[in-house]
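Chemist: attaching a predicted model along with its sequence, questions to come.
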Amino acid sequence: MQSLFSPVWLWNTAVAIVEIVYIFVVIGVMDKLVARGFPSDLSRKIIHIAAGSYIIFWPLFDTSHWTRYLCVLMPLIWVLLFLSKGMSNNRDDSAVKTMTRTGDPRELLRGPLMFASVMVVLGLLLFNRTSAVVALGMLTWGDGLAPYIGKHAKHTYRTLGSTKSWLGSATVFIAGVIGAALMLWITGLAHNGIPWGLLAITGAVATLVEAFSPRDIDNLLIPLVSVAMVYLLTGAL
């Protein structure tokens, strides 16, 4: 198929455009569903997971040309959009309604902006590396699903002034490990099978970090410790 898009830069550009269309379609669908009464908190989590899963497109990029850096074009666009929308006072903006908890545009400058920025950094520095895929798997699936699943849990605990649920913490671990395994499989990085031991240890550390992190800061800390754990346990990124 790539031969239909020669030279290489044209192929990489086409893949980047597909990435962009993919996430805008997801967001557009969620916008319409939220307008019809779909739970906004669930919508945020679906968008969160869909956005972080953009790494499924990474193996399609041809790394022989500098245009492989277009792999971060989609999250970079959202970094700019979050900055623009977050500094506005437009509470009627569809992105504000769909991607914030409170309807305050400034909320986009915290968790969502950090999340998009992390995707850009990982794509630039650790493109198609195990550590980046594991980090985004933990952040996207584990941390993404935990608040939604754990919000109605009866058994809670407190850390550094924040209330967490045992069910939410279990979700960080279980969903993070399964999500990371799924992403490794889809991207073709699990050549010798899924490294369950590595994922379990990394997931346990990510769960502890999520439990003690202030709100939104975990979007930075979880990928950071995940990359660090992969390096410490394997000696490679």
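Modeler: Thanks, I have the structure now.

Chemist: got the domain boundaries for the protein?
Modeler: Annotated domains of the chain cover 1-126, 129-237 [automatic domain parsing].

Chemist: quick check: Asn128 vs Asn219, distance?
Modeler: Separation of Asn128 from Asn219 (C-beta to C-beta, to the nearest Å): 21 Å. Yep, even glycine has a C-beta here, placed from its N, CA and C like the rest.

Chemist: more neighbours, those two?
Modeler: More crowded of Asn128 and Asn219, by other C-beta atoms under 10 Å: Asn219, with 23 against 17.

Chemist: how much space separates the more buried one from Lys32?
Modeler: On the measure of C-beta to C-beta, Asn219 and Lys32 end up 26 Å apart.

Chemist: and the helices in the protein?
Modeler: Secondary structure of the chain (DSSP state H): helices at 8-35, 40-52, 73-86, 94-99, 111-125, 130-137, 144-150, 166-186, 196-212, 218-234.

Chemist: highest mean neighbour count out of these?
Modeler: Highest mean neighbour count among these (mean count of other C-beta atoms under 10 Å): helix 130-137, with a mean of 27.

Chemist: now tell me which helix or strand of this structure has the poorest mean pLDDT.
Modeler: Every helix and strand of the chain was ranked by mean pLDDT, DSSP states H and E. The lowest is helix 94-99, at a mean of 74.

Chemist: distance from that helix to the middle of the chain?
Modeler: 17 Å (C-alpha atoms, centre = their mean, to the nearest Å).

Chemist: for stretch 217-228, same thing?
Modeler: Chain-centre distance of stretch 217-228: 11 Å, with C-alpha atoms, centre = their mean.

Chemist: tell me the mean pLDDT over that stretch?
Modeler: Summarised as a single mean, pLDDT over stretch 217-228 is 95.

Chemist: next up, the contacts around the residue positioned nearest the centre of the chain.
Modeler: The chain has Gly52 as the residue nearest its centroid, 2.9 Å off, counting by C-alpha atoms, centre = their mean. When contacts are counted by C-beta atoms under 8 Å, 6 or more residues apart in numbering, Gly52 touches Phe115, Met119, Leu136, Gly137, Leu139, Thr140, Trp141, Gly144.

Chemist: surely Val225 and Gly203 touch.
Modeler: No: with contact defined as C-beta atoms under 8 Å, Val225 does not reach Gly203; the gap is 10.7 Å.

Chemist: sketch out the low-pLDDT regions of this structure for me.
Modeler: Low-confidence segments of the chain (pLDDT under 70): 1-6, 161.

Chemist: what's the burial count for Asn89?
Modeler: Using other C-beta under 10 Å, Asn89 has 10 neighbouring residues.

Chemist: which one is it nearest to, not counting chain neighbours?
Modeler: Closest residue to Asn89 apart from its sequence neighbours, by C-beta to C-beta, 6 or more residues apart in numbering: Pro105 at 6.5 Å.

Chemist: dump the residue contacts of the one you found.
Modeler: Contacts for Pro105 (C-beta under 8 Å, 6+ apart) come out as Lys85, Gly86, Met87, Ser88, Asn89, Asn90, Arg91, Asp93, Val96.
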